[in-house]
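In: sequence and computational prediction follow.
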Amino acid sequence: MSDSQKVTAGEPLRVALLGCGVVGSSVARLLTEHADDLAARVGRPLELVGIAVRRAGRDRSDLPVDPALFTTDAESLVTRADIVVEVIGGIEPARGLIEKAMAHGASVVSANKALLAEAGPSLYASAAEHGVDLYYEAAVAGAIPILRPIRESLAGDDVRKVLGIVNGTTNYVLDKMDTTGQGFAEAVEQAQALGYAEADPTADVEGFDAAAKAAILASLAFHTRVSSDQVYREGITEVSAADVQAAREMDCVVKLLAICERTEVADADGVLTPGVSVRVHPAMIPRSHPLGGVRDAFNAVFVEADAAGELMFYGKGAGGDPTASAVLGDVVAVARHRVGGGRGPGESAYADLPVLGMGQALTRYHISLAVADRPGVLAQVATAFAAHDVSIETVRQKVVVDEEGGETRASLVVVTHTAPDAALSATVEALAALDTVHEVTSVMRVEGS
Ligand SMILES: NC(=O)c1ccc[n+]([C@@H]2O[C@H](COP(=O)([O-])OP(=O)(O)OC[C@H]3O[C@@H](n4cnc5c(N)ncnc54)[C@H](O)[C@@H]3O)[C@@H](O)[C@H]2O)c1
Ligand SMILES: N[C@@H](CCO)C(=O)O
Ligand code: NA
């Protein structure tokens, strides 16, 4: 432990807050309002020594903090704290400030998924080098305790799979599409009007936010390193009312899922190599699945572990106070480590597993086709699946839907068994090219059954 980390008995622990937006202002208020309880839990008072803001002079009189604490000089603030809370967001200057704080002996609490998913390993290495903690429970699924359970409570078990609804905005949009029959654009407009979706909802609807969270979850769950650029990502912009209707007919819902899976891939000689599949995409899941009932903007993470079996974590993934709850939990944890001496449990990456490409992920597809209703069509469709070594689980031919140019059309719904995603997508291409397939009306991966 360096000199700067030694805390004299009875002295308050100095807390610096970087950023005073949605999360930062809740952290400042709760730290102040709950100061006595927090001191009792830590064994030492927590003293807010400064709040770094971008613009000085803004009216922040609603916050119960001394106005003299606000500063635009974050660089110097981080050098005079025992604990630095980073809730600025983005890569820079957050990264540089965290590095500087740790170099000066401060432990860091961050809610910044984008930064941790991009630069986690170098930050964890710095934390270890300087003998400090870097905790970030708020970065994934906001208030829901999920990173600590994976990192600590499940450290004796083997996590096989993590399935998460980790973006509230997209869950809200998909839920509205399900309950009202609205299309994507209409549901997003409503989410924006209600303040769930940002004016520019790209990070949410294109799955970037969920991909960052998936990278963090996979790294902790499988003791390996996964960065956001290794996560396969599809957002929800292409999810149509027809897809949602197709899911309804299967008693399923469409959810944007972050899927982290330990898997094995065979090489040309059939030798199996362990790896991880980490992906974000819309998928159908049964309404009866624990994730199927996650409504509105709620988040949930479903974990499958060898010994524990199935676990479900549910709650609010966003919002000032819920996110501040997770931040303050981390503040108390790192403060306790300070008081007790030493650092808390951190990440391990010993498993060093390769991240598999999406084509190697084992998935199942639900495919709806509008086909000509005449002899041999079903056989043609079945042949396209067989040619790609994809096994069909169920086929449903539904009522005749249309008549055009004297030809009757039928709607065919095929659900496959598990196959490599590359084989499934090639099958869809082959189906689309058949003369007898008028339209591929919906293609959706299936999870959770
Ligand atoms: N809002 C949520 O519900 C939520 C949930 C989980 C995690 N997070 C994460 O928490 C972090 C903060 O999110 P937020 O919603 O509070 O964002 P926000 O935009 O409301 O707040 C960020 C604040 O940081 C300030 N800032 C920017 N650069 C600064 C600098 N150089 N020095 C000092 N202040 C600076 C901005 O002016 C702004 O007030 C992000 O990493 C975000 O991903 C947010
Ligand atoms: N934009 C995120 C906020 C929390 O990361 C969401 O919609 O869930
Ligand atoms: Na969390």
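Out: Thanks, I have it. Ligands and ions are numbered 1, 2, ... in the order given.
In: now stretch 281-299, how far from the chain's geometric center?
Out: 14 Å (CA atoms, centre = their mean, to the nearest Å).
In: that one: which residues count as buried?
Out: For stretch 281-299, a neighbour-count test (16 or more other CB atoms under 10 Å) marks 281-286, 289-292, 294, 297-299 as buried. Every residue, glycine included, has its C-beta placed from N, CA and C.
In: same thing with stretch 248-263?
Out: For stretch 248-263, by 16+ other CB under 10 Å, it's 250, 252-263.
In: got it, and stretch 320-336?
Out: 320-335.
In: list the ones among those that fall in helices.
Out: 320-335 (DSSP state H).
In: go through these and say which is closest to ligand 2.
Out: residue 323 (7.2 Å; CB to the nearest ligand atom).
In: and the closest one, how close does it get to ligand 1?
Out: 4 Å (CB to the nearest ligand atom, to the nearest Å).
In: could you measure from that residue over to ligand 3?
Out: Residue 323 sits 8 Å away from ligand 3, going by CB to the ion, to the nearest Å.
In: just checking, that residue touches residue 144?
Out: No. In this structure residue 323 lies outside contact range of residue 144 using CB atoms under 8 Å: 10.3 Å.
In: on that earlier part again, redo the buried residues of stretch 281-299 as JSON lines? Include pLDDT, distance to residue 35 and secondary structure.
Out: Formatted as JSON lines, these follow (pLDDT from 0 to 100; distance: CB to CB, whole Å; DSSP: H, G, I helix; E, B strand; the rest coil):
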{"residue": "281", "pLDDT": "98", "distance to residue 35": "44", "secondary structure": "strand"}
{"residue": "282", "pLDDT": "98", "distance to residue 35": "44", "secondary structure": "strand"}
{"residue": "283", "pLDDT": "98", "distance to residue 35": "45", "secondary structure": "strand"}
{"residue": "284", "pLDDT": "98", "distance to residue 35": "48", "secondary structure": "strand"}
{"residue": "285", "pLDDT": "98", "distance to residue 35": "43", "secondary structure": "strand"}
{"residue": "286", "pLDDT": "98", "distance to residue 35": "47", "secondary structure": "strand"}
{"residue": "289", "pLDDT": "98", "distance to residue 35": "42", "secondary structure": "coil"}
{"residue": "290", "pLDDT": "97", "distance to residue 35": "38", "secondary structure": "helix"}
{"residue": "291", "pLDDT": "98", "distance to residue 35": "38", "secondary structure": "helix"}
{"residue": "292", "pLDDT": "98", "distance to residue 35": "42", "secondary structure": "helix"}
{"residue": "294", "pLDDT": "98", "distance to residue 35": "35", "secondary structure": "coil"}
{"residue": "297", "pLDDT": "96", "distance to residue 35": "31", "secondary structure": "coil"}
{"residue": "298", "pLDDT": "98", "distance to residue 35": "30", "secondary structure": "strand"}
{"residue": "299", "pLDDT": "98", "distance to residue 35": "29", "secondary structure": "strand"}
